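**Student:** Show me the folded form of this:
(2 chains)
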2 protein chains.
Amino acid sequence: MNSAGKSVLALSGGVGGAKLALGLADVLPPGQLHVVANTADDFRHLGLHISPDIDTLLYTLSDSANKNLGWGLEGETWNAMDALQRLGGDTWFRLGDKDLATHLWRTTLLERGESLSQITDFLARQLGIASRVHPMCEGLVQTTVRSQGRELPFQHYFVKERCEPVVTGFSFEGIANARPNANVMALLRESALAAIVVCPSNPFVSVDPILQIPDFWPALRDHAAPIVLVSPIVAGLAIKGPTAKMMVELGMPVTALAVARHYCERYPGLIDYFVIDGSDATLADEIAALGVRVAVGSTVMSSRADKQRLARFVLDLVA
Amino acid sequence: MNSAGKSVLALSGGVGGAKLALGLADVLPPGQLHVVANTADDFRHLGLHISPDIDTLLYTLSDSANKNLGWGLEGETWNAMDALQRLGGDTWFRLGDKDLATHLWRTTLLERGESLSQITDFLARQLGIASRVHPMCEGLVQTTVRSQGRELPFQHYFVKERCEPVVTGFSFEGIANARPNANVMALLRESALAAIVVCPSNPFVSVDPILQIPDFWPALRDHAAPIVLVSPIVAGLAIKGPTAKMMVELGMPVTALAVARHYCERYPGLIDYFVIDGSDATLADEIAALGVRVAVGSTVMSSRADKQRLARFVLDLVA
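**Tutor:** Numbering: from 1, shown residues only, chains lettered A, B, ... in the order given. Modelled structure (predicted):
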């Protein structure tokens, strides 16, 4: 049991966020971690429904993520992709043979009328995961990356064009009609959470879609639990993914301060604690001036011990 | 060029028929073989459109069929199926990793609005196949196996229940509204074919669905080309698949004569030549009495040379 015996709710995108989620799962008693996953990266490809952030969380939390690639499953093989290439098929989004099973089964269960929530619960149980992973909503929300007059579906930007286009903004199609995941809302209504943790995920394409689901961020803000955000920017660098590149293109300084400003301006009153890395300690006063408590820790998660240490740091903050 | 320089049209189901199709492709000049494939076994599984007989033909004609298994691709791996089993998914229909690429790409192209004919042509070209493989029709026709009060979709009968249920009949849902493949009808209208060959496939679930597409068998009968049928029953045995078992259950003697009677009664005037194996030579007179010419040859195709020899035998009959 953690200090209060209460559950923790984390918001996460893919790889960066999943690292802290794994740390939290490791240090919390089994079943006390709930993760809300961004699903605005979900897309249909090769006839399959693919939920990249849910899968990264499931694979990471079941300790079956591919550590060399940084995505997908360990011990993966690529025979389907090789055969698809021979058939002249689309291979820009690499789907490993083992990973394909996840997409095939999710697509099958969706066609049978099961919800993405039910399916994610089922897959998590099959993979032996004690934590709960919740899709942020049931409806379809899809991130579009705007780039100098072009509009790119997220995976085209992220994978097909390798984040090369210069971003000028984002939109989340369908979000006005999306409703927050009912299980998460029930958890917020019914549970005294120890903390709500915003994992160090991309603010623009991983966390914003979650927070902008109608009524969701006010429900988080109004909950009694403290909200802790871990900066995805450390010493001017994004640990993972295109966050820093996007900040440059959006005309923002690439600093933890700019990240804090982004959240404090868009979601006033939401963040209670803002965790920055020791290398950014000089920014602490300016961030504190935005009205959040600043905690300086060690936020780079290379090893599993790093992940657990950061998770303990976050939980100790609010204990 | 064959003796007349004309194309040959073959009708085929899966494995048994594909053997003769390969023999014909080998002995005919490139591009002169057209195969009409049964698609009444097609089904949707794991979100994918699967066309088992088309694929058996494509894999056989590209010499990439798995000779040990008797189905699927050579050098196949099963990592997706193993992963699917761990996820609690449906694994009764075994889809190899390489084979999955075919279904993924076909499903993708169907969703993009391409026709099964266009897709089959495309896949055949990618696999280096000079022959044309034509789906029997564009619409969806689906075989149901009736079994003592139960109605089983074909693949449930054939794969999931391993042909164990006792069959009492068959129906082909959707066939009344199906139209024969337009390319095949154009070929029949415009070409002087050397022969129309009914391959040694299952009469009830492979050839009947093709012949019963509205207007199709009369178009074959009325074409000038001779029609040659190779018996799928040799010495009271089906070389491949459940033909013999079905004949017993339908109350038919398991003989080439009963096969000939089946075709002559259902499709009067269709068959010109009926090819039987030497081991069935004693049936020749009774079969001839049905109004067909009987040719006695060697119809068991083990080696590639066997397939080519039977193909030459068939073509020489009508030369």
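**Student:** pretty sure A:Ala195 contacts A:Ala224?
**Tutor:** No. Counting by C-beta atoms under 8 Å, A:Ala195 sits too far from A:Ala224 to count as a contact (10.7 Å). In short, each C-beta sits where N, CA and C put it, glycine included.
**Student:** other SSEs contacting the regular element (helix or strand) spanning A:Thr108?
**Tutor:** In this assignment (DSSP states H and E), A:Thr108 forms part of helix A:97-111. Where contact means 3 or more C-beta pairs under 8 Å, 6 or more residues apart in numbering or on different chains; DSSP states H and E, helix A:97-111 is packed against strand A:48-50, helix A:52-61, helix A:79-86, helix A:116-126, helix B:79-86, helix B:97-111.
**Student:** Show me which residues of the fourth one are buried.
**Tutor:** So the one you mean is helix A:116-126. A:116-117, A:119-124, A:126 (16 or more other C-beta atoms under 10 Å in any protein chain shown).
**Student:** List just the nearest of these to chain B.
**Tutor:** A:Gln126 (4.9 Å; C-beta to the nearest C-beta).
**Student:** Tabulate the CA atom coordinates of stretch A:192-206 in CSV.
**Tutor:** C-alpha atoms of stretch A:192-206 as CSV (Å, rounded to 0.1, in the frame of the first residue of the first chain):
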residue,chain,number,x,y,z
ALA,A,192,-10.1,9.4,-3.0
LEU,A,193,-7.0,9.3,-5.3
ALA,A,194,-3.5,9.7,-3.9
ALA,A,195,-2.5,11.7,-6.9
ILE,A,196,-3.2,12.5,-10.5
VAL,A,197,0.0,12.3,-12.5
VAL,A,198,0.6,13.9,-15.9
CYS,A,199,3.4,11.8,-17.3
PRO,A,200,6.2,13.4,-19.3
SER,A,201,4.5,13.0,-22.6
ASN,A,202,4.2,15.4,-25.5
PRO,A,203,2.0,18.3,-24.4
PHE,A,204,0.6,19.0,-27.8
VAL,A,205,-0.3,15.6,-29.3
SER,A,206,-0.4,13.3,-26.2
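**Student:** In the sheet, which residues pair with A:Ala65? Tell me.
**Tutor:** A:Leu73 (DSSP bridges).
**Student:** show me the residues around it that make contact.
**Tutor:** Contacts here follow C-beta atoms under 8 Å, 6 or more residues apart in numbering or on different chains; on that basis A:Ala65 touches A:18, A:56, A:59, A:71-74.
**Student:** cool, A:Glu111 as well?
**Tutor:** So A:Glu111 contacts B:Gly47 (C-beta under 8 Å, 6+ apart).
**Student:** could you say what helices and strands the lowest-mean-pLDDT helix or strand in chain A packs with?
**Tutor:** Sorting the helices and strands of chain A by mean pLDDT, DSSP states H and E puts strand A:237-238 at the bottom, at a mean of 80. Secondary structure elements in contact with strand A:237-238, counted by 3+ C-beta pairs under 8 Å, 6+ apart, are helix A:243-249.
**Student:** quick one: buried residues of the following helix or strand past the helix it packs on?
**Tutor:** Later in the chain than helix A:243-249, the nearest helix or strand by DSSP H and E is helix A:256-266. Going by neighbour count (16+ other C-beta under 10 Å), the buried part of helix A:256-266 is A:256-264.
**Student:** What distance do you get for the residue of the stretch 201-319 of chain A found nearest chain B to A:Asp63?
**Tutor:** The minimum distance from the stretch 201-319 of chain A to chain B, using C-beta to the nearest C-beta, falls at A:Arg304 (22.7 Å). Noted for A:Arg304: a distance of 9 Å to A:Asp63, by C-beta to C-beta, to the nearest Å.
**Student:** filter the buried residues of helix A:116-126 down to the ones close to chain B.
**Tutor:** When contact is defined as C-beta under 8 Å from any C-beta of the partner chain, those meet chain B at A:122-123, A:126.
**Student:** re earlier: closest one of the buried residues of helix A:256-266 to B:Ser147?
**Tutor:** Comparing the buried residues of helix A:256-266 against B:Ser147 with C-beta to C-beta places A:Tyr263 closest, at 63.1 Å.
**Student:** any idea of the pLDDT on that closest one?
**Tutor:** For A:Tyr263, the model assigns a pLDDT of 98.
**Student:** For it, which non-adjacent residue is closest in space?
**Tutor:** A:Ile271 (5.4 Å; C-beta to C-beta, 6 or more residues apart in numbering or on different chains).
**Student:** got the angle for the helix or strand harbouring A:Ala21 vs helix A:52-61?
**Tutor:** Taking DSSP H and E as the criterion, A:Ala21 maps to helix A:15-27. Helix A:15-27 runs at 40 degrees relative to helix A:52-61, counting by axes from the mean of the first three to the mean of the last three C-alpha atoms, to 10 degrees.
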